[in-house]
Each structure stands twice: as structure tokens, then as C-alpha cells.
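[1] Have a look at this prediction, sequence included:
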Amino acid sequence: MIKVFLVDNHPIMRQGLASVLEKNEGFEVVGGANNAQDALSQIGELKPDIVIMDAFRGGGDYSKDIAMIQQKYDKAKVFVLTDSTRENDFLRAIGAGVKGYLSKASEVSQLIDAIRLVASEGAIVYSSTLAKLFDSTLQDTNRRLDQLSQREKEILNLVARGYGNKEIASRCFISEATVKAHLRRIAEKMDVKNRAEAVATAIHRGLIDITPDSPTG
């Protein structure tokens, strides 16, 4: 049974999608929410396999919500179902760790097949144009991650665990200024805007693995 959680600010959209999914064998819609913030606590309790959401509704960019869900609940695979046809939106979603990306104009059969593939560990994109872009994006991301030094990977791992610059400096026996310099180089090499994007990308590609560890002061 594939357990699905729906995130959409339109209740009618959630109800309609739930009805479509549950008419197909092997699907159970376990819950829904208006937005990612409202969804977080429910996802932790309901433990869905798939979280379906539109990260670019109304022309906005909610890709940070994808990263937030994937970082906190790595077993819940985020699937984007969207009206957006913008290349940059697709790239942002991939960078945030999305596991599936499909247009709302797709056939129901395509959606069902795609969700099943995502649930079984396969990221899927049905548009041939986006599929090519998807492949090249992952290859490019891997090349950028390979450019990181061991020290940069170590610092990125500590950032992912929630440590601040001062704590990282103490643990690595370097100055805060050096930590900041490393973070700038990491951002440049990975072609991201900030540490959050760097962490999301690194986790998605398996460069770093977050295990329970509480920062100490």
C-alpha cells in the first residue's frame, strides 16, 4: 500500500486528487494540509510514502518547502504536481530534493504510474524535454559535488547537523573567518545561493548523511 499525503491550498483540489488516487488499487490517502508548515507535524505522525504538492502555485516559489520536508522526513518522497512549465522551477525542485515532477495536465494513468515509480525509489519525469534536463542536471550536480575538498565536505556536514560558524570553527580547529571562506567556496562550487540550498543538494545526492547529533555549546 502506497500511503500518500496531499499538500494544496485548495481543499477541492485535495479532495479531487484523493478520489482519483483511491480509485486505484494500492493507494491510501492518509491526510492533507493547506501548506508545508501545516503538513510537517502530520507527516511525522502519519508517515506517508509520498507527499504530493505544487511547489510553484500562483507563480510563487515554494521549493524551500520541499527541502524542509525532505530534510526532516527523508523517507517521505516529495512529488511535485504543477502547472508550471518554467525550466528554472524544475531546476529549483531538483535542487531541493524532489523525487518526482509532473504536469497537472498529465493523464491520470501517467500520474498513477509515476507515483508508483517514485515510491519504489525511482525519480520520474514524463516530459521528454524535462527528462533530458533532469539527467543533465543530476550529472552537473554530481560534478560540482566532486569538486568539494574533504574539509569542505566536513564543514557542509556540520552545517547540515545544525552547527553555527563558531561551533564549526571550534570543532575543526580553525577560525570563524576560515569557516566563512570555506562556505563561500562551497556555494561557488555548488552554484547555490546559501548554505540551506547547499545542504539540500548534498543530502539529495547522498554526499552527506545526517544522523542524530545535538550541537553542543
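    Cool, got the structure.
[2] quick one, strands of the chain?
    Secondary structure of the chain by DSSP state E: the strands cover 2-7, 27-33, 50-53, 77-82, 100-103, 124-125.
[3] Can you pull out the low-pLDDT segments for this protein?
    For the chain, applying pLDDT under 70 flags the ranges 58-61, 121-145, 200-201, 203-217.
[4] any idea how it splits into domains?
    Under the assignment automatic domain parsing, the domains of the chain span 2-140, 147-204.
[5] Dump these to JSON lines, plus mean neighbour count.
    C-beta coordinates here come from the backbone N, C-alpha and C atoms, glycine included. Shown next, in JSON lines, are the domains of the chain (neighbours: other C-beta atoms under 10 Å):
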{"stretch": "domain 2-140", "mean neighbour count": "17"}
{"stretch": "domain 147-204", "mean neighbour count": "17"}
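[6] before we move on, the earlier item: turn the strands of the chain into JSON lines, columns for distance to residue 14.
    Output for those, formatted as JSON lines (distance: least, C-beta to C-beta, whole Å):
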{"stretch": "strand 2-7", "distance to residue 14": "5"}
{"stretch": "strand 27-33", "distance to residue 14": "4"}
{"stretch": "strand 50-53", "distance to residue 14": "9"}
{"stretch": "strand 77-82", "distance to residue 14": "11"}
{"stretch": "strand 100-103", "distance to residue 14": "17"}
{"stretch": "strand 124-125", "distance to residue 14": "22"}
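[7] Tell me which residue lies nearest the centroid of this structure.
    Computing the C-alpha centroid of the chain and ranking residues by C-alpha atoms, centre = their mean puts residue 97 first, at 2.7 Å.
[8] Was I right to think that one contacts residue 79?
    No: using C-beta atoms under 8 Å, residue 97 is not in contact with residue 79, being 11.5 Å away.
[9] Chain neighbours aside, what residue packs nearest to residue 68?
    residue 36 (6.2 Å; C-beta to C-beta, 6 or more residues apart in numbering).
[10] and the one you found, what is it in contact with?
    7, 53, 62, 65-66, 68-69 (C-beta atoms under 8 Å, 6 or more residues apart in numbering).
[11] TSV please, covering the residues you listed and showing distance to residue 40.
    Output for those, formatted as TSV (distance: C-beta to C-beta, whole Å):
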residue	distance to residue 40
7	10
53	12
62	13
65	9
66	12
68	7
69	7
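[12] what's the closest of these to residue 154?
    residue 68 (23.9 Å; C-beta to C-beta).
[13] so the closest one touches residue 43, yeah?
    No: taking contacts as C-beta under 8 Å, residue 68 lies outside contact range of residue 43: 10.4 Å.
[14] looking at the strands of the chain, which is closest to residue 196?
    Closest approach to residue 196 among the strands of the chain (C-beta to C-beta): strand 77-82, 15.8 Å.
[15] Report the strands that pair with that closest one, each with its relative direction.
    strand 50-53 (parallel), strand 100-103 (parallel) (DSSP bridges).
[16] Just the residues contacting that strand, thanks.
    Taking C-beta under 8 Å, 6+ apart as the rule, strand 77-82 contacts 17, 49-57, 66, 69-70, 89, 93, 96-104, 111, 114-115, 118-119.
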